[in-house]
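**Student:** fold the stuff below for me.
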Amino acid sequence: MKIKTLIAVLFVLFTIVTGIAQQKKFVVHTVAFYNLENLFDTINNPNIDEEWLPTGAQNWTSKKYHKKLENLARVLSEIGTGENPNNAPTLIGGCEIENRGVLEDLVKQPKLLPYDYGIVHFDSPDKRGIDVALLYQKKHFTPTSYVNIPLLIYDNFSKIKAEKETEEDKADNDKNEVATGERRYTRDILLVTGFLDGDEVNVMVNHWPSRSGGEKKSSPFREAAGKLNRKIMDSIYKVNPNAKIITMGDLNDASYNKSVKEGIGAKRKKEEVKQFGIYNPFEEMFHKGQSTLFYRDSGDIFDQIMVSEQLIKTDYSSFRYWKAGIYNKQYMIQTTGQYKGYPLRHQANEVGFSDHFPVYIYLIKEAK
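**Tutor:** Reported below is the predicted structural model:
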């Protein structure tokens, strides 16, 4: 009996070891997005940042600015390390950025410096003076082109839209929406194309118009942003029908809003995504009760990363989407007071992190 038992144990061990040896190994990259919330330096830029100066309403001193950089660097260096413990995010989209200089200061922080991040940034015409940008690890990602694409919206945009929606000619509708009224300046959409360890990837970074004036009144502005995302994607597909596209950002809308569901055409489930379609893993997260921000004690997910149909295929000979997450460690959360449970943001006596939690996805490919 003892010999038979020993043989059985050895057989089980052999099976386990063989199985482990046969398991496929993957290259993993984390792609993240973070609203950096008012990342301003202390240098005066007239008519834009008076609040964020040592003499301004926020009493924004050099000490506070550098503490903010330190806090953000800590978060960024840790995103995705649960499944990718040996590396910080390879690609990081960000918003609420004053200028290139603050990004240069950020990537020089001790927790980020080892990753040698490059920067893609354009000054946008936004009236608050805040921009979007992409950080990338130079050893893994090589940009081949980048462009900022303006979002053209107008003060009477919602009124024109409401009047025109009753008419049959939808094409004419779009033309008339942007032909009349004073332009409302907002953030551009950043489009970066490059090679991620040999795979061509297109990345769009967004910060859509806010809900200032009310969700319903301002919705047409974000619907226009969704349509522009779709238009950019379609233009990429005309050049390369097999393009891999990632669109990310603080959309100021949720996964279920018209701007995302109809403007972009994002789907909640992978099986719903058809050719040239796009998958939004954060819609399912919302339905599971997760949040990236809170307003009046109601949580939602405005920060989202979506991937094109090519990235959800199951052939891992090139990079594909694996899974997504929200990074919300305890140290990033308000623990007391009226806003207990909210993201720990800047306060009068404390330099926090952001009023949003960052989001991320993993891209994986079979190792050769």
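
**Student:** which strands border the helix or strand that contains G299, and is each parallel or antiparallel?
**Tutor:** Element membership for G299 (DSSP states H and E) is strand 298-300. Here strand 298-300 has these sheet partners by DSSP bridges: strand 293-295 (antiparallel).

**Student:** now for the lengthiest helix in the chain, which elements pack on it?
**Tutor:** Ranked by residue count, the top helix of the chain under DSSP state H comes out as helix 215-239. Where contact means 3 or more CB pairs under 8 Å, 6 or more residues apart in numbering; DSSP states H and E, helix 215-239 is packed against strand 153-154, helix 157-164, helix 170-177, strand 189-196, strand 199-207, strand 245-250, helix 258. Every C-beta, even on glycine, is put in place using the N, C-alpha and C of the backbone.

**Student:** compare the mean pLDDT across the ones you listed and name the weakest.
**Tutor:** Here these differ in mean pLDDT, and the lowest is helix 170-177 at a mean of 42.

**Student:** what lies in contact with the longest helix of the chain?
**Tutor:** 149, 151-153, 157-158, 161, 174, 177, 184, 186, 189, 191, 202, 204, 206, 208-212, 243, 245, 247, 251-253, 257-260, 262-265, 276, 278, 308 (CB atoms under 8 Å, 6 or more residues apart in numbering).

**Student:** list only buried entries from those.
**Tutor:** 149, 151, 153, 157-158, 161, 177, 184, 186, 189, 191, 202, 204, 206, 208-209, 211, 243, 245, 247, 251-253, 257, 259-260, 263-265, 276, 278, 308 (16 or more other CB atoms under 10 Å).

**Student:** so Y331, which state does it fall into?
**Tutor:** helix (DSSP: H, G, I helix; E, B strand; the rest coil).

**Student:** who are the contact partners of the residue nearest to it when sequence neighbours are not counted?
**Tutor:** Once flanking residues are discounted, Y331 sits nearest to L344: 7.7 Å by CB to CB, 6 or more residues apart in numbering. Neighbour list for L344: 331-334, 350, 352-353 [criterion: CB under 8 Å, 6+ apart].

**Student:** out of those residues, who's the most crowded?
**Tutor:** F353 (23 neighbours; other CB atoms under 10 Å).

**Student:** and that one, backbone torsions?
**Tutor:** For F353, the backbone dihedrals (degrees, to the nearest 10) come out as phi -120, psi -70.

**Student:** what's the answer for the one 4 residues further on, then?
**Tutor:** Listed backbone geometry of F357 is phi -90, psi 140, with angles given as degrees, to the nearest 10.

**Student:** check which residues of stretch 46-64 are buried.
**Tutor:** 48-49, 52-53, 58, 60, 64.

**Student:** got it, and stretch 35-48?
**Tutor:** Neighbour-count burial for stretch 35-48 [16+ other CB under 10 Å]: 35-42, 48.

**Student:** and if you look at stretch 351-360?
**Tutor:** 351-360.

**Student:** where does pLDDT dip in the protein?
**Tutor:** 1-22, 47, 157-180 (pLDDT under 70).

**Student:** please repeat the previous calculation with a cut-off of 80.
**Tutor:** Within the chain, the stretches with pLDDT under 80 are 1-23, 46-49, 156-181, 348-349.

**Student:** which strand is the longest one in it?
**Tutor:** strand 26-39 (DSSP state E).

**Student:** what pairs with it, parallel or antiparallel?
**Tutor:** strand 91-97 (parallel), strand 359-366 (antiparallel).

**Student:** so where do the helices sit in the stretch 1-150 of the chain?
**Tutor:** For the stretch 1-150 of the chain, applying DSSP state H, counting those that start in this stretch gives helices covering 2-22, 62-78, 100-107.

**Student:** related to what we said a few turns ago, make a markdown table out of the contacts of L344 and add distance to K68.
**Tutor:** Listed next are the contacts of L344 as a markdown table, based on distance: CB to CB, whole Å:
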| residue | distance to K68 |
| --- | --- |
| Y331 | 15 |
| M332 | 13 |
| I333 | 17 |
| Q334 | 16 |
| E350 | 11 |
| G352 | 8 |
| F353 | 8 |
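
**Student:** quick check: angle from the longest strand of the chain to strand 199-207?
**Tutor:** Between strand 26-39 and strand 199-207, the angle comes out at 20 degrees (axes from the mean of the first three to the mean of the last three CA atoms, to 10 degrees).

**Student:** and strand 26-39 with helix 62-78, angle?
**Tutor:** Using the same axes, to 10 degrees: strand 26-39 against helix 62-78 is 160 degrees.

**Student:** just how off-centre is strand 26-39 within its chain?
**Tutor:** 7 Å (CA atoms, centre = their mean, to the nearest Å).

**Student:** could you dump it to PDB, C-alpha only?
**Tutor:** Output of strand 26-39 as PDB, limited to C-alpha atoms (Å, rounded to 0.1, in the frame of the first residue of the first chain):
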ATOM      1  CA  PHE A  26       2.800  36.800 -20.800                       C
ATOM      2  CA  VAL A  27       4.200  40.200 -21.200                       C
ATOM      3  CA  VAL A  28       2.100  42.700 -19.200                       C
ATOM      4  CA  HIS A  29       1.700  46.400 -19.600                       C
ATOM      5  CA  THR A  30      -0.500  48.700 -17.400                       C
ATOM      6  CA  VAL A  31      -2.300  51.600 -19.100                       C
ATOM      7  CA  ALA A  32      -3.700  54.200 -16.700                       C
ATOM      8  CA  PHE A  33      -5.600  57.500 -16.500                       C
ATOM      9  CA  TYR A  34      -5.600  59.900 -13.700                       C
ATOM     10  CA  ASN A  35      -7.300  63.300 -13.200                       C
ATOM     11  CA  LEU A  36      -4.400  65.100 -11.400                       C
ATOM     12  CA  GLU A  37      -6.800  67.800 -10.100                       C
ATOM     13  CA  ASN A  38      -5.500  71.300 -10.400                       C
ATOM     14  CA  LEU A  39      -1.800  70.400 -11.000                       C
END
